[in-house]
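Novice: Predicted model and sequence follow; I will ask about them next.
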Amino acid sequence: MGQAVGIANVSRDRSTENFAGEKFRLAVEACPSGMMITDSAGDIVLVNSATELLFGYRREELIGKNLEVLVPARLRGLHSKQRAVFARNPQQRRVQPNLELFGLRCDGIEFPVEVWLNPIHTGDGLYVLSVIIDISERKRMDRLKDEFVFNVNHELRTPLTSIAGSLGLMAAGAAGKLPEAAARLVSIAQTNCQRLIRLINEVLDIEKIESGRMDFHFQRLDVRALVEQVIEANSAYAAGFGVQIRLDPAAEPGEVLADPDRLAQVVTNLLSNAVKFSPRGGEVLLTTKSRAGAMRISVRDHGDGIPAAFKPHVFEKFAQADTTDARKKGGTGLGLSIVKQIVARLDGHVGFADADGGGTVFHVDLPGWQQIDSRAIDTPRPDHAVPVLLCESDPEIAMALREGLRPLGFSIDFAHHPANAMARATSNHYAALVVDLKLSNAGGLDFVRRLRQQPGLYRTPIVIIGADREGDADDAANLFILGWIEKPVDVARLGELLEKARVPGANGRPHILHVDGDGEARALVAHALEPIGKVVSVKTAEEARLALKADDFDLAVLDSILDPGLSLLSDLRDRRGRLIPAVIFSLSTPDSAHDQQVAAQLDKSRASLDELVAAIRDRLMLKQSQV
C-alpha cells in the first residue's frame with residue numbers, strides 16, 4: 001500500500017512538473033518580444049515565435065546555430081566580449097544601454113534592438129535567456145518628434161522673434177509717435193509675443209533635456225558668486241513687481257562642478273517664481289550653505305504658500321495651482337519642471353517646504369567639489385582591467401562611459417577639470433587617455449599639447465572626444481592622436497580604439513635603454529626612471545644591439561666604460577633609421593665626436609640619480625618639442 005502511495009505521489013509530482021513546463025512554454029510563446037536561450041558557447045537551444053518573426057528564420061534553422069548569425073558582422077567582436085564578461089559575472093542586465101545595438105535579419109537587413117540578458121543556472125552549466133525587443137517604431141517616433149521640434153524652432157520661434165523685435169521698435173518710437181490707443185495695442189501685442197517666445201523656448205528646453213541634447217559645459221565654480229550675479233541680473237524684473245531680492249549676509253561660499261549658464265537658469269526660474277507669488281513690497285531671500293559635502297541654494301518668498309492639494313504636482317510639466325491668483329500671475333507651468341530636470345543633470349536634488357511665518361522655501365542641493373572628485377577613481381580595479389583616464393567635465397557622460405567600457409575590460413578614472421586631469425595623468429600610469437576637447441576653456445588641442453609636454457606622457461595613446469576639424473589635422477598627427485570620436489560617444493568604437501592600448505609595449509610611455517655592466521647600478525637606475533618611462537636594462541653592448549632589434553627606444557643611458565669608443569652610438573637608431581639620443585652615465589666621461597647625439601654626460605661618482613632623471617626629462621621634453 002505504501003508503495004502504491006509513493007508511486008502515486010511520484011506520478012503527481014511529474015504531472016505537476018509537466019504542467020509547469022507547459023505553462024512556461026506557452027508563456028514564452030505568447031511573449032511579443034523575441035526570446036531565446038543559448039548555452040555557454042552561444043549556441044541557440046530555444047527560440048519563440050516572436051524571434052522567428054523578428055529575424056525571418058524558421059525555428060529549425062536557428063536551433064544549434066551560434067547566436068552571432070543574428071548579429072551584424074561589425075558588432076560580432078563586441079558581442080563576443082560581452083558574452084565573456086557575462087559568463088564571469090552572470091547577472092540580469094540590459095546589454096550596453098548607452099550603445100545602439102542592431103539585429104540582422106535573414107535577408108541581410110539590420111534593425112535596431114534592445115537586449116536584456118538573464119542567467120539560467122542548470123546542472124549542465126550556465127544558459128542565457130535573451131529578450132530581444134525591436135525598437136524600430138520607437139526610433140521612428142523619435143524622428144517624428146525631432147521634426148516637430150525643428151518646425152517649432154524654425155517656423156514659430158524665428159518669425160515670432162522678428163515680430164517681437166519690430167513691435168519693440170514701434171513701441172520705442174522708431175516709426176514715429178503713435179496715438180495712445182495704437183501704442184496700447186502695440187504694447188499688448190509685444191507682451192504676448194514675448195510670452196509666446198518664452199513658452200516656445202521652455203518647450204524646446206524640456207525637449208532638449210529629455211532627449212539628452214541640451215549641452216552642458218561643466219566647470220568648477222563658486223556657488224555664492226554665481227547667486228550674486230543672478231540677483232543683480234534679476235533685480236529690475238523684481239522691481240517691476242514691487243519686490244526686493246536680497247542675499248542672506250550669512251550665505252557661504254562653496255565650489256561645485258556645474259554648467260554656470262544652466263545653474264543660473266535654475267536660480268533665475270526659482271527667483272521668477274518667488275517674485276511672482278510675493279506680495280507687493282515683499283522680499284525674496286536667497287542663501288547658500290555647505291552641508292554634508294553638498295552645497296544648498298535656498299530661495300524663500302513671503303507669499304501665500306503652495307496649496308496642499310497642489311504640492312505633489314509642483315514639478316510636473318504645465319502644472320499650475322488652480323487658483324484665481326495663480327492664473328493672474330501668468331506663466332507656462334514649465335519653469336519648475338525645467339528646474340527639476342536641469343538639477344537632475346547636475347547630479348543634484350530640488351525640493352521645497354513651507355517657510356516659517358508664511359511663504360515657501362525652494363532649495364537646490366548640489367554635490368560639493370570634493371564629493372564629485374571622490375568618485376573619480378574606479379575602485380576596486382580588477383587585475384585584468386586596462387586603466388584609462390577619462391578627461392571629461394560632464395559627470396553623467398563620464399559615468400555612462402565607465403559603465404559602457406567596464407564590460408569591455410577597461411577601468412575608468414575621471415578628471416573633470418584640466419588641473420585634475422594633469423595631476424592624475426602625471427602621477428599615475430594609464431594605458432591611454434581619453435580627452436574631451438571641451439574640458440579646457442582654451443579649446444582645441446592646447447590641453448593635449450600641455451599633456452604631451454610631460455615626459456611621462458610623451459607617447460601615451462590619446463583619444464579625442466570632439467569633431468576632427470580640418471585645421472587640427474597636422475597638429476593631431478604630430479601629437480600622436482590615436483583616434484577621434486564625436487558625441488554622442490559610440491562606446492563600441494571607443495572600445496575598439498582603446499584596444500590598441502592593450503598591445504604589449506604600446507602603453508605610450510617613453511622607452512629607455514640602459515646599458516651598464518654593474519647590476520646594482522642597473523637596478524638603481526631602473527627604479528629611479530620607472531615613474532617617467534619603461535626601462536630595459538642590459539649589461540653588454542651586444543645585448544643592447546639585440547634589444548634595439550626587438551623594440552624602439554626614445555633614449556639610451558650608456559656606461560662608457562663598457563664601450564670606451566662609444567661604438568654603440570652608431571647603432572642607436574629606431575626602426576625608421578632616426579638617431580636615438582643618449583645620456584652618458586659613467587665613471588669615465590670621454591669627449592665624444594657624436595655631440596649631436598649625446599644629450600648629456602654625467603659622472604657617476606659626482607652626479608646623483610635625481611640629476612640623471614632631470615637630464616632625461618629635459619631630453620624627452622626637447623624631443624617632444626621637435627616633433
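Specialist: Cool, the structure landed.

Novice: got the domain boundaries for the chain?
Specialist: Following automatic domain parsing, the chain resolves into domains at 1-29, 31-134, 150-211, 219-370, 375-502, 511-625.

Novice: Format those as a markdown table; extra columns: distance to residue 142, mean neighbour count and mean pLDDT.
Specialist: From N, CA and C alone the C-beta is placed, and that goes for glycine too. Formatted as a markdown table, these follow (distance: least, CB to CB, whole Å; neighbours: other CB atoms under 10 Å; pLDDT from 0 to 100):
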| stretch | distance to residue 142 | mean neighbour count | mean pLDDT |
| --- | --- | --- | --- |
| domain 1-29 | 30 | 10 | 53 |
| domain 31-134 | 10 | 16 | 86 |
| domain 150-211 | 8 | 14 | 80 |
| domain 219-370 | 18 | 18 | 88 |
| domain 375-502 | 13 | 18 | 81 |
| domain 511-625 | 46 | 17 | 82 |
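
Novice: out of these, which comes closest to residue 143?
Specialist: Set against residue 143 and scored by CB to CB, those come closest in domain 150-211, at 10.5 Å.

Novice: Turn the domains of the chain into JSON lines, columns for distance to residue 144.
Specialist: Output for the domains of the chain, formatted as JSON lines (distance: least, CB to CB, whole Å):
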{"stretch": "domain 1-29", "distance to residue 144": "33"}
{"stretch": "domain 31-134", "distance to residue 144": "15"}
{"stretch": "domain 150-211", "distance to residue 144": "11"}
{"stretch": "domain 219-370", "distance to residue 144": "19"}
{"stretch": "domain 375-502", "distance to residue 144": "20"}
{"stretch": "domain 511-625", "distance to residue 144": "51"}
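
Novice: so how far is residue 348 from the residue nearest to residue 235 when sequence neighbours are not counted?
Specialist: Distances taken as CB to CB, 6 or more residues apart in numbering put residue 245 closest to residue 235, at 5.9 Å, once the chain neighbours are dropped. Noted for residue 245: a distance of 22 Å to residue 348, by CB to CB, to the nearest Å.

Novice: Next: residue 542.
Specialist: 64 Å.

Novice: Also residue 524?
Specialist: Residue 524 is 51 Å from residue 348, by CB to CB.

Novice: what's the answer for residue 133, then?
Specialist: 32 Å.

Novice: for residue 407, same thing?
Specialist: 28 Å.

Novice: List the residues that contact residue 586.
Specialist: 558, 559, 560, 561, 602, 603, 604 (CB atoms under 8 Å, 6 or more residues apart in numbering).

Novice: Repeat that for residue 210.
Specialist: residue 341.

Novice: Checking my notes, it in a helix, right?
Specialist: Yes: assessed by DSSP: H, G, I helix; E, B strand; the rest coil, residue 210 belongs to a helix.

Novice: Can you give me the distance of it to residue 136?
Specialist: In terms of CB to CB, residue 210 sits 21 Å off from residue 136.

Novice: got it, and residue 395?
Specialist: The value you get for residue 395 to residue 136, if CB to CB is used, is 32 Å.

Novice: do residue 485 as well
Specialist: Distance from residue 485 to residue 136, by CB to CB: 26 Å.

Novice: and what of residue 161?
Specialist: For residue 161, the distance to residue 136 - CB to CB - is 37 Å.

Novice: residues contacting the nearest residue to residue 458 once chain neighbours are set aside?
Specialist: Nearest non-adjacent residue to residue 458, counting by CB to CB, 6+ apart: residue 510, 4.8 Å away. Applying CB under 8 Å, 6+ apart, we find residue 510 in contact with 455, 456, 458, 459, 532, 533, 534, 554, 555, 620.

Novice: Pretty sure the last one sits in a helix.
Specialist: Read that as residue 620. Yes: membership of residue 620 in a helix is supported by three-state DSSP.

Novice: Relative to the whole chain's centre, how far out is the lengthiest strand in the chain?
Specialist: Longest strand in the chain, counting residues (DSSP state E): strand 110-122. Offset of strand 110-122 from its chain centre (CA atoms, centre = their mean, to the nearest Å): 25 Å.

Novice: Which strands border it, and is each parallel or antiparallel?
Specialist: Looking at strand 110-122 with DSSP bridges, its partner strands are strand 93-94 (antiparallel), strand 101-104 (antiparallel), strand 125-134 (antiparallel).

Novice: from the middle of its chain, how far away would the first one be?
Specialist: Strand 93-94 has its average C-alpha position 20 Å from the chain's average C-alpha position, going by CA atoms, centre = their mean.

Novice: The last one too?
Specialist: Its chain's average C-alpha position is 28 Å from that of strand 125-134, according to CA atoms, centre = their mean.

Novice: cool, and the second one?
Specialist: On the basis of CA atoms, centre = their mean, strand 101-104 sits 24 Å off its chain's mean C-alpha point.

Novice: ditto for stretch 181-201
Specialist: 41 Å.

Novice: who's in contact with that stretch?
Specialist: 152-153, 156-157, 160-161, 163-164, 167-168, 170-171, 178, 330, 332, 334.

Novice: which two of the residues you listed lie the greatest distance from each other?
Specialist: 178 and 334 (33.3 Å).

Novice: quick one on the thing from earlier: which ones among the contacts of residue 510 map onto strands?
Specialist: Those of those lying in strands (DSSP E): 534, 555.

Novice: which one of the contacts of residue 510 sits closest to residue 355?
Specialist: Nearest to residue 355 among the contacts of residue 510, with distances taken as CB to CB, is residue 456, at 54.9 Å.

Novice: That closest one and residue 530 touch, don't they?
Specialist: No: counting by CB atoms under 8 Å, residue 456 stays clear of residue 530, with 10.1 Å between them.

Novice: ok so, going back, shouldn't the residue nearest to residue 235 be within a strand?
Specialist: Yes: counting by three-state DSSP, residue 245 is part of a strand.

Novice: residues touching it, list them.
Specialist: 231, 234, 235, 238, 271, 275, 283, 284, 286.

Novice: Which residue ranges of the stretch 451-600 of the chain form helices?
Specialist: 473-478, 491-499, 519-529, 541-550 (DSSP state H, counting those that start in this stretch).

Novice: And the last one, what does it pack against?
Specialist: The criterion is 3 or more CB pairs under 8 Å, 6 or more residues apart in numbering; DSSP states H and E, and the helices and strands that helix 541-550 contacts are strand 511-515, strand 534-538.

Novice: Among those strands, which comes closest to residue 68?
Specialist: Using CB to CB, the nearest of the helices and strands packed on helix 541-550 to residue 68 is strand 534-538, at 37.5 Å.

Novice: Pull the distance from stretch 349-365 to the chain's centre.
Specialist: Distance, centroid of stretch 349-365 to centroid of chain: 32 Å (CA atoms, centre = their mean).

Novice: Give me the distance between the two termini of that stretch.
Specialist: In stretch 349-365, first residue to last residue: 5 Å (CA to CA, to the nearest Å).

Novice: contacts for that stretch?
Specialist: Under CB under 8 Å, 6+ apart, the answer for stretch 349-365 is 266-267, 270, 273-274, 277-278, 291, 294-306, 314-315, 339-340, 343, 348.

Novice: What about the residues you listed, which are in helices?
Specialist: 266, 267, 270, 273, 274, 339, 340, 343 (DSSP state H).

Novice: quick check, nearest of the residues you listed to residue 217?
Specialist: residue 266 (14.9 Å).

Novice: Now for the closest one: which residues touch it?
Specialist: 339, 342, 343, 346, 350, 364.

Novice: check contacts around the first one.
Specialist: This means residue 339. Per CB under 8 Å, 6+ apart, neighbours of residue 339: 266, 269, 270, 315, 350, 364.
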